[in-house]
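J.: Dropping the sequence and predicted coords here.
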Amino acid sequence: MAQRVAPESRIVYVDNDPLVLVHANALLTSSPPGVTDYIEADVREPDEILSAASKTLDFGEPVALMLLGIMGQVLDDEDAYAIVRRLMAALPSGSHLVFEDGTKVVLPEAADEAERIRAEGGDPYRLRTPEQIARFFDGLTLLEPGVVSVSRWRPDPSQFGEASEVDALCGVARKH
């Protein structure tokens, strides 16, 4: 999608799911002036990610770091914040953090149940409060409308009215 708008875009996807790797090899293609790459790595290893990504990305130019629905895999809050700080520290001024993750403010009982089921299934996921999610943007300039429900991030006008809030929050911030 990015290369449709800017064909010279350089994109690196990171995941540690073998099924995602199979799909990545089959589907990820690049435009001739751009590059698309896939790194098999765990978000808990930011130095490995940065090292591999530096083969594709120019860390002398602003980079958009998109962490979408992943930091809940890091159960300890301080570890999660440290990972994001480490990744952002490697990026130059003008870079952006795009962040989205789950919470339990809209339907707390349903979110608690989903969290319990995942934990019992061996795939725990940490749902954070809005304040905890906002901390991922510490030291960055948060863009409007701030940390909001994903359904409320600059929504297009709709004949159906305002979108309902969902238990996933997002935000975008700029590094200076």
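T.: Yes, it's here.

J.: and residue 31, what pLDDT?
T.: Per-residue pLDDT puts residue 31 at 63.

J.: wait, I meant residue 60
T.: At residue 60, the pLDDT value in this model is 96.

J.: Measure how buried it is and give me the count.
T.: Using other Cβ atoms under 10 Å, residue 60 has 7 neighbouring residues. (Each C-beta comes from the backbone N, C-alpha and C, glycine too.)

J.: what's the following helix or strand after the helix or strand of the chain with the lowest mean pLDDT?
T.: One helix or strand of the chain scores below all others by mean pLDDT, DSSP states H and E: helix 18-27, with a mean of 74. Next in sequence after helix 18-27, counting helices and strands by DSSP states H and E, comes strand 35-40.

J.: Can you tell me the strand partners of that following strand and which way each runs?
T.: Partners of strand 35-40 in the sheet, by DSSP bridges, are strand 10-15 (parallel).

J.: Tell me who's in contact with the residue of the chain most remote from its centre.
T.: Relative to the C-alpha centroid of the chain, counting by Cα atoms, centre = their mean, residue 159 is the outermost residue, at 29.9 Å. Under the criterion of Cβ atoms under 8 Å, 6 or more residues apart in numbering, residue 159 has no neighbours.
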